[in-house]
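Asks: coords please:
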Amino acid sequence: MNYQLFDQIKDLDFPAPLPEKLLVVKQRFDVPRVADIEASTRAAVRVLMLGARPGATVAIGAGSRGIANIARIARAAVEVLKADGFHPYIFPAMGSHGGATVEGQCTMIREFGITAESMGCELRATMVVREIGHIEGGPKLYQGEDSLSADHVILLSRIKPHTDFRGTLESGPSKMAVIGLGKQAGAAIMHSYGGPGFTRYLADAARVYESNTNFIGAVGIIENAYDETAEIMAVPANKVGTDMEREALKRARSYMASIPFTHVDTLVIQAIGKNISGTGMDTNIINRLMVVREPEPTSGPDVATISVLDLTPETHGNASGIGMANSTTERVARKYDFTATYTNGLTSGTFGAFRSSLPIVATTDQRAIQYAIRGCGQPWETARLMFIRNTLAMDEFWTSPSLRTEIEGHERLSIVGETPLTFINGRMTCPWQMK
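Replies: Now for the predicted structure:
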């Protein structure tokens with residue numbers, strides 16, 4: 001790519017005062033945690049396989065999100081299937097991610113620790129699909145040939161609030177069947193209906209996959225606020241898209257981390273990426289959707305401005321979600337992979353809400369933060385600043401001293417120290433070490 005455009009970026013003389021020191025804050029969450037990942041996975045898989053004949057092939061679908069303990073869960077699923085006389089293999093079930101290419105999706109799955117060697121089974125991947133049915137008055141449904149060739153299909157599916165829409169079914173087995181089994185074709189056609197399409201069609205789509213395909217269910221995974229595995233359960237195909245999944249979604253929402261303040265003037269995020277959230281930064285945490293035809297959230301923290309300083313290495317330049325920030329750095333702009341980001345945005349249909357657009361770009365971290373503070377709508381000297389690594393890591397963060405009183409009065413929060421806010425040549429070196 002030609003980066004001559006970025007050579008025009010100059011820091012403007014619009015500084016804002018920054019605090020010399022930040023408070024180091026710990027946040028506590030009262031949430032469950034799975035004690036034995038492998039045992040819970042084995043139990044779930046065996047429920048799904050009841051009545052299956054030994055010797056059958058089983059395709060295990062793994063998605064593109066950074067699911068906690070996913071390699072351990074996948075390996076335990078493979079091992080119990082082999083021990084019970086089945087022949088498992090793993091395939092990527094991730095829609096358009098990885099640039100909607102076999103190579104890109106295999107790279108992503110390997111980075112989660114899922115390889116033929118570590119799993120002890122074959123990995124198969126294709127973007128070729130077949131139509132397996134359609135919803136009356138709604139979309140056609142597809143399934144990739146990498147899972148069609150098996151006798152049975154099991155999805156490893158996290159259940160959580162979605163980042164693009166609100167409903168009784170959001171991220172979970174019903175959506176993963178359409179998007180994961182359906183590959184880019186399934187993702188593109190379902191996303192063309194927008195958020196209302198998901199809320200209207202997911203339950204019906206689950207019935208089509210149950211009736212017309214080899215899909216027998218999912219290992220449902222719920223995570224907690226510490227990015228740990230909170231629950232592992234069997235979700236048989238006839239329970240996908242039903243009250244079982246809906247109740248799991250409610251529990252998942254109750255376990256989530258959150259910004260513990262009524263309002264934040266400027267939120268500084270170290271890095272965003274697809275391994276953190278489908279939108280780079282979780283919209284449920286930052287309380288922004290920015291999606292056409294979906295109303296903005298009315299509950300949750302009021303975050304005035306956001307500054308994003310970097311992309312994670314694992315996102316491979318996919319900067320989806322960067323448009324929800326108000327300022328960013330030249331480092332992000334130069335890492336921005338237009339093909340990966342635009343493919344993701346066009347497939348999901350969220351590009352129209354400017355989620356993929358670059359915000360104001362500064363040459364340094366310091367200036368990017370100062371630009372965001374200038375736009376927060378509050379006196380700069382007393383602005384309420386919050387610094388986080390990413391929206392998955394909310395148990396430790398840093399704030400300006402202006403939040404001290406609210407922290408001290410919050411039952412989940414404790415101040416464990418202070419640290420300087422420092423920059424070398426404009427690049428932040430503390431409270432976290434930038435790479």
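Asks: helix, strand or coil for the residue lying closest to residue 392 once chain neighbours are set aside?
Replies: Closest residue in space to residue 392, ignoring its immediate chain neighbours: residue 227 at 4.8 Å, by C-beta to C-beta, 6 or more residues apart in numbering. All C-beta spots, glycine's among them, are computed from the backbone N, C-alpha and C. Recorded secondary structure, residue 227: coil (DSSP: H, G, I helix; E, B strand; the rest coil).
Asks: show me what contacts residue 227?
Replies: Neighbouring residues of residue 227 by C-beta atoms under 8 Å, 6 or more residues apart in numbering: 68, 392-393.
Asks: what's the burial count for the closest residue to residue 326 other than its chain neighbours?
Replies: In space, and not counting its chain neighbours, residue 326 is closest to residue 305: 4.3 Å by C-beta to C-beta, 6+ apart. Residues near residue 305, counting by other C-beta atoms under 10 Å, number 23.
Asks: Show the model's pLDDT score for residue 305.
Replies: In this model, residue 305 is scored at 98, pLDDT.
Asks: does it sit in a helix or strand, and which one?
Replies: Using DSSP states H and E, residue 305 falls within strand 302-308.
Asks: helices and strands around that strand, which ones?
Replies: strand 263-269, strand 327-329, helix 365-374 (3 or more C-beta pairs under 8 Å, 6 or more residues apart in numbering; DSSP states H and E).
Asks: Would you tell me which one of these is buried the most?
Replies: Of all these, strand 327-329 has the most neighbours on average by mean count of other C-beta atoms under 10 Å, namely a mean of 27.
Asks: distance between the ends of stretch 397-407?
Replies: Terminal residues of stretch 397-407 lie 12 Å apart, using C-alpha to C-alpha, to the nearest Å.
Asks: Run through who's touching that stretch.
Replies: By C-beta under 8 Å, 6+ apart, the residues outside stretch 397-407 that reach it are 19, 21-25, 27, 261, 382-389, 413-415, 419, 431.
Asks: From the chain's centroid, how far away is it?
Replies: 27 Å (C-alpha atoms, centre = their mean, to the nearest Å).
Asks: show me what contacts the nearest residue to residue 91 once chain neighbours are set aside?
Replies: Of all residues not flanking residue 91 in the chain, residue 146 sits nearest, at 4.2 Å (C-beta to C-beta, 6+ apart). Residues counted as contacts of residue 146 (C-beta under 8 Å, 6+ apart) are 59, 91-92, 124-126.
Asks: what about 10 Å?
Replies: Going by C-beta atoms under 10 Å, 6 or more residues apart in numbering, residue 146 touches 59, 61, 89-93, 102, 123-129, 153, 181, 183.
Asks: Tell me the buried residues within those.
Replies: Buried members of the contacts of residue 146, scored by 16 or more other C-beta atoms under 10 Å, are 59, 61, 89-93, 102, 123-127, 129, 153, 181, 183.
Asks: quick revisit: taking the contacts of stretch 397-407, please make a ChimeraX selection of just the buried ones.
Replies: A single ChimeraX command selects the buried members of the contacts of stretch 397-407 (16+ other C-beta under 10 Å):
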select :19,21,22,23,24,25,27,261,383,384,385,386,387,388,389,413,431
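Asks: Give me the subset of the contacts of stretch 397-407 lying in strands.
Replies: Among the contacts of stretch 397-407, DSSP state E puts 21-25, 27, 385-388, 413-415, 419 in strands.
Asks: and of the residues you listed, the nearest to residue 116?
Replies: Using C-beta to C-beta, residue 388 comes nearest to residue 116 of the ones in strands among the contacts of stretch 397-407, at 36.1 Å.
Asks: Distance check, the closest one against residue 286.
Replies: Residue 388 sits 10 Å away from residue 286, going by C-beta to C-beta, to the nearest Å.
Asks: which residues do these two both contact?
Replies: With contacts taken as C-beta under 10 Å, 6+ apart, residue 388 and residue 286 have 259, 267, 269 as neighbours in common.
Asks: Export those to CSV and append columns for pLDDT.
Replies: Shown next, in CSV, are those (pLDDT from 0 to 100):
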residue, pLDDT
259, 96
267, 98
269, 98
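Asks: Pull the contacting residues for residue 185.
Replies: Each residue near residue 185 by C-beta under 10 Å, 6+ apart is listed here: 95-96, 100, 127-131, 140-144, 347.
Asks: Swap in 8 Å and give it another go.
Replies: 129, 142.
Asks: Now, the contacts of residue 227 that are in helices?
Replies: Using DSSP state H to define helices, no part of these is located there.
Asks: Please tabulate those in a markdown table, including the columns neighbour count, distance to residue 166 and pLDDT.
Replies: What follows is those, written out as a markdown table (neighbours: other C-beta atoms under 10 Å; distance: C-beta to C-beta, whole Å; pLDDT from 0 to 100):
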| residue | neighbour count | distance to residue 166 | pLDDT |
| --- | --- | --- | --- |
| 68 | 19 | 24 | 92 |
| 392 | 20 | 20 | 90 |
| 393 | 14 | 24 | 92 |
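Asks: Pull out the buried residues from the worst-scoring helix or strand of the chain on mean pLDDT.
Replies: Least confident helix or strand, the chain: helix 338-348 with a mean of 81, by mean pLDDT, DSSP states H and E. Residues 340-348 are the ones in helix 338-348 that count as buried (16+ other C-beta under 10 Å).
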